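> Sequence first, predicted coordinates after that:
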Amino acid sequence: MTPLRMCAITRQKKPKTELFRLVKLNGKIVLDEKQNIQTRGVYISKDKEVLKNLQKSKCLNKAFKSEVPKEIYEEVMNLCSKAS
């Protein structure tokens with residue numbers, strides 16, 4: 001059974017495999033593709049409609065208590081495009 005995690009944007013619980021995980025590592029926000037970095041992370045749905053609102057909502061800035069670089073948003077969008 002796949003563990004459930006909550007999307008930071010929609011607040012819906014989904015299987016871990018349906019979510020991206022971002023972590024703050026050494027002061028830098030990175031995409032945890034294997035979802036195994038040992039630190040607190042933020043999960044985001046792989047749904048394109050949800051990701052369109054990601055940068056506007058600024059929920060990542062709130063979650064990490066710092067400004068999230070534009071490149072992170074672009075990387076997540078690119079990975080979502082490849083997954084579909």
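Looks like it came in fine. Numbers count the residues shown, from 1 in each chain.
> C-terminal to the longest strand seen in the chain, what's the next element?
For the chain, the longest strand by residue count, based on DSSP state E, is strand 19-25. Per DSSP states H and E, strand 19-25 leads on to strand 28-31 as the next helix or strand towards the C-terminus.
> what's the following helix or strand after that next one?
Note on strand 28-31: by DSSP H and E, the next helix or strand toward the C-terminus is strand 41-45.
> For Met1, see how far away the residue nearest to Leu60 when sequence neighbours are not counted is.
Nearest non-adjacent residue to Leu60, counting by C-beta to C-beta, 6 or more residues apart in numbering: Val68, 4.4 Å away. The way it works is simple: take the backbone N, C-alpha and C, and place the C-beta from them, glycine included. Distance, Val68 to Met1, using C-beta to C-beta, to the nearest Å: 32 Å.
> of these two, who's got more company?
Neighbour count, other C-beta atoms under 10 Å: between Val68 and Met1, Val68 has more, with 20 against 4.
> In what element of secondary structure is that one found?
Judged by DSSP H and E, Val68 forms part of no helix or strand.
> likewise Lys56?
helix 54-57.
> Which strands and helices lie in contact with that helix?
helix 70-83 (3 or more C-beta pairs under 8 Å, 6 or more residues apart in numbering; DSSP states H and E).
> quick revisit: help me confirm that the residue nearest to Leu60 comes into contact with Ser57.
No - counting by C-beta atoms under 8 Å, Val68 does not reach Ser57; the two are 11.1 Å apart.
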